[in-house]
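Novice: Pasting the sequence and the predicted model now:
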Amino acid sequence: MAAAGVRMESAKGRTDPPGRRVQPKEGAGLRGGYPRIFPQTEKGWFRGKDRREEEILSGVQSRKKEAGIPARRGRSPQRESAYTGKRGRAMRFRVGIIGIGSIVEEVHLPVLAKRKDVILAAVCDVNEERLKEISRKYAVPKSYRDGLEMIAREKLDAVVICTPNSAHIPYAAAAAAKGIHIFLEKPIGVNPQEAEDMIRTAGQNRAIVMVGMVSRFRRDVQIAKEYIESGMPGDIYYAKAQLLRRRGTPRGWFTDRSFSGGGVLMDIGVHVLDAAWWLLGCPRPQRISGHAVQALGNYETRFLSSWKSSGETVKSVHDVEDFAAGWIRFENGTVLALETSWALNGKQDEGLSMQIYGTKGGIFLPPLTLYREERRILSEIHPQFEENHPYEEEFQHFFECIRKGKTPVADGVQGLRVLEMIRALYESARQGRELSL
């Protein structure tokens, strides 16, 4: 059954005002379309401010231990032995995929298909023609149009969820309840409370939750992280991150708030915020100011193409922002400035860019460049390295975490924190003022 507060209705169904939570009818499912979920309006968006993060994952088990309650039976707590065959040979993971959009077809499926430790056991999508095509191309034995049915019937080790944002949590919650490991495309979802409930359920059933924050797996970002952790920049007091497209609004569900939960900030802005926040050490936000506008809207610029969702319909909704900016002050004194756009009248970025300023040095990327004094001479240093395949490393990390029982570098709790900051940016933009968290 679907989680409470989730609207289980086809894209053709009615919509409700944003902020209203709708209880699903008994027996409602996801067949025939992805659900629309509306975030609940709350005064305190960064809800984890006054509670320890471990209460979500480890707290449940620690309190049981203190009370003398035996550990839950089922999968072995020792993950490495649970996923190792005779003589230490690694076993293969049965993986199901829900949502066969462009990112899955172009990136995830090719990466997963060539892994020797993965069995593509089942795929699910609401588009029957696309489902048949992908199943045939990758020789996937089982296909479904209902993700909940797939989770209930198949014996899966892991599920990869790449649906519209509004459907992330319903599927993840169902998988978490069965102890199935979860890989969620970013963002983790649209509603912080539902995401937190899902993470808690996963923790109780020893299921790993990882969010697809792929920028963390870029080679230049990883090297920058090493320099920061070594103390090279000193105390970081300011950072700026941006990703600007000038005519790059995606078509399809991305521009429909009831499916996406927001516009550019929930799409590419997630990468901008997460990568910068991770490099800064994931500090706790103190005050947030956001600005989000639909400036160009559904433009009709000639001679330039736009990225299209595989589920695009003839008549699409366009009720989200195409430009967003934010200013976040963290408790440690660091300030982060963000800018992201789908469309604007200006220069386009080639990709995510960051500038980090510290008392001893600075770090810019791309290209990765270090600024610091050497023998009291200001120097500009360009580290040399080979580029990697971030998506391959991302999935390598996911399956390694399952095999060894490790916490992912981009786990569910951090995905939740990023979502809470995004919701706070939206709320600040709506109110037109800075918010204290």
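Specialist: Yep, it's here.
Novice: Return the set of buried residues in stretch 263-271.
Specialist: 263, 264, 265, 266, 267, 268, 269, 270, 271 (16 or more other C-beta atoms under 10 Å). C-betas here are computed from N, CA, C, even on glycine.
Novice: Equivalent analysis for stretch 128-136, please.
Specialist: Quick answer for stretch 128-136 (16+ other C-beta under 10 Å): 130, 131, 134, 135.
Novice: roughly how far is the host helix or strand of the second one from the heart of the chain?
Specialist: It stands for residue 131. Per DSSP states H and E, residue 131 falls inside helix 128-137. Its chain's average C-alpha position is 26 Å from that of helix 128-137, according to C-alpha atoms, centre = their mean, to the nearest Å.
Novice: which strands and helices sit next to that helix?
Specialist: Applying 3 or more C-beta pairs under 8 Å, 6 or more residues apart in numbering; DSSP states H and E, we find helix 128-137 packed against strand 118-124, strand 142-144.
Novice: Ok, which of the ones you listed comes nearest residue 367?
Specialist: Closest approach to residue 367 among those is made by strand 118-124 (33.5 Å; C-beta to C-beta).
Novice: Run the angle between that closest one and helix 128-137 for me.
Specialist: Orientation check (axes from the mean of the first three to the mean of the last three C-alpha atoms, to 10 degrees): strand 118-124 against helix 128-137 gives 160 degrees.
Novice: Return the alpha-carbon coordinates of strand 118-124 using PDB.
Specialist: In PDB, the C-alpha atoms belonging to strand 118-124 read as follows (Å, rounded to 0.1, in the frame of the first residue of the first chain):
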ATOM      1  CA  VAL A 118      24.900  -7.500 -11.500                       C
ATOM      2  CA  ILE A 119      21.900  -9.500 -12.800                       C
ATOM      3  CA  LEU A 120      19.300  -7.200 -14.400                       C
ATOM      4  CA  ALA A 121      16.300  -9.100 -13.000                       C
ATOM      5  CA  ALA A 122      13.400  -6.800 -13.800                       C
ATOM      6  CA  VAL A 123      12.500  -3.400 -15.300                       C
ATOM      7  CA  CYS A 124       9.500  -1.200 -14.800                       C
END
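Novice: what does it contact?
Specialist: Residues from elsewhere that reach strand 118-124 (C-beta atoms under 8 Å, 6 or more residues apart in numbering): 92-100, 109, 112-113, 131, 134-135, 138-147, 150, 154-156, 399.
Novice: Narrow those to those in strands?
Specialist: Among the contacts of strand 118-124, DSSP state E puts 93, 94, 95, 96, 97, 98, 142, 143, 144 in strands.
Novice: hang on, the earlier thing: quick one: which of the buried residues of stretch 263-271 is nearest to residue 433?
Specialist: residue 265 (17.8 Å).
Novice: tell me the phi and psi of the closest one?
Specialist: phi -70, psi -30 (degrees, to the nearest 10).
Novice: Just the pLDDT for it.
Specialist: Reading off the confidence values, residue 265 has pLDDT 98.
Novice: Can you get me a residue count around the spatially closest residue to residue 400 that is not a sequence neighbour?
Specialist: The shortest distance from residue 400 to any non-neighbouring residue, by C-beta to C-beta, 6 or more residues apart in numbering, is to residue 406 (6.9 Å). As a burial measure, residue 406 scores 14 neighbours (other C-beta atoms under 10 Å).
Novice: before we move on, what about the one 10 residues further on?
Specialist: Counted by other C-beta under 10 Å, the residues lying close to residue 416 total 25.
Novice: Is residue 276 in contact with residue 363, as I believe?
Specialist: No. In terms of C-beta atoms under 8 Å, residue 276 does not count as a neighbour of residue 363; the distance is 11.2 Å.
Novice: mind listing what residue 198 touches?
Specialist: Contacts for residue 198 (C-beta under 8 Å, 6+ apart) come out as 3, 169, 172, 173, 176, 189, 209, 412.
Novice: In strands only, show me these.
Specialist: residue 209.
Novice: Mind checking which of the contacts of residue 198 are buried?
Specialist: Of the contacts of residue 198, these count as buried by 16+ other C-beta under 10 Å: 3, 169, 172, 173, 176, 189, 209, 412.
Novice: Most neighbours among the ones in strands among the contacts of strand 118-124, which one?
Specialist: Most surrounded of the ones in strands among the contacts of strand 118-124: other C-beta under 10 Å gives residue 98, at 28 neighbours.
Novice: List the residues that contact the closest residue to residue 213 other than its chain neighbours.
Specialist: Leaving aside its chain neighbours, residue 213 sits nearest to residue 410 (4.0 Å; criterion: C-beta to C-beta, 6+ apart). Residue 410 makes contact with 210, 211, 212, 213, 216, 274, 278, according to C-beta under 8 Å, 6+ apart.
Novice: To residue 349, which of the helices and strands packed on helix 128-137 lies closest?
Specialist: Closest among these, once you apply C-beta to C-beta, is strand 118-124, at 33.7 Å.
Novice: Indicate each strand paired with that closest one and its parallel or antiparallel sense.
Specialist: strand 93-98 (parallel), strand 142-144 (parallel) (DSSP bridges).
Novice: could these go into JSON lines alongside distance to residue 316?
Specialist: Listed next are the strands paired with strand 118-124 as JSON lines, based on distance: least, C-beta to C-beta, whole Å:
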{"stretch": "strand 93-98", "distance to residue 316": "22"}
{"stretch": "strand 142-144", "distance to residue 316": "26"}
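Novice: Now mean pLDDT and distance to residue 367 too, for those, in TSV please.
Specialist: Output for the strands paired with strand 118-124, formatted as TSV (pLDDT from 0 to 100; distance: least, C-beta to C-beta, whole Å):
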stretch	mean pLDDT	distance to residue 367
strand 93-98	98	34
strand 142-144	98	43
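Novice: Tell me which of these lies nearest to residue 387.
Specialist: Of the strands paired with strand 118-124, nearest to residue 387 by C-beta to C-beta is strand 93-98, at 26.5 Å.
Novice: Excluding covalently adjacent residues, which one is nearest to residue 183?
Specialist: Leaving aside its chain neighbours, residue 183 sits nearest to residue 160 (4.7 Å; criterion: C-beta to C-beta, 6+ apart).
Novice: So for the one you found, what pLDDT did the model give?
Specialist: So, for residue 160, pLDDT stands at 98.
Novice: isn't it right next to residue 94, touching?
Specialist: No. Here residue 160 does not reach residue 94: they are 11.8 Å apart, not a contact under C-beta under 8 Å.
Novice: that older thread, for the residue nearest to residue 213, give me the pLDDT.
Specialist: On the pLDDT scale, residue 410 gets 98.
Novice: Okay then, goodbye and thanks.
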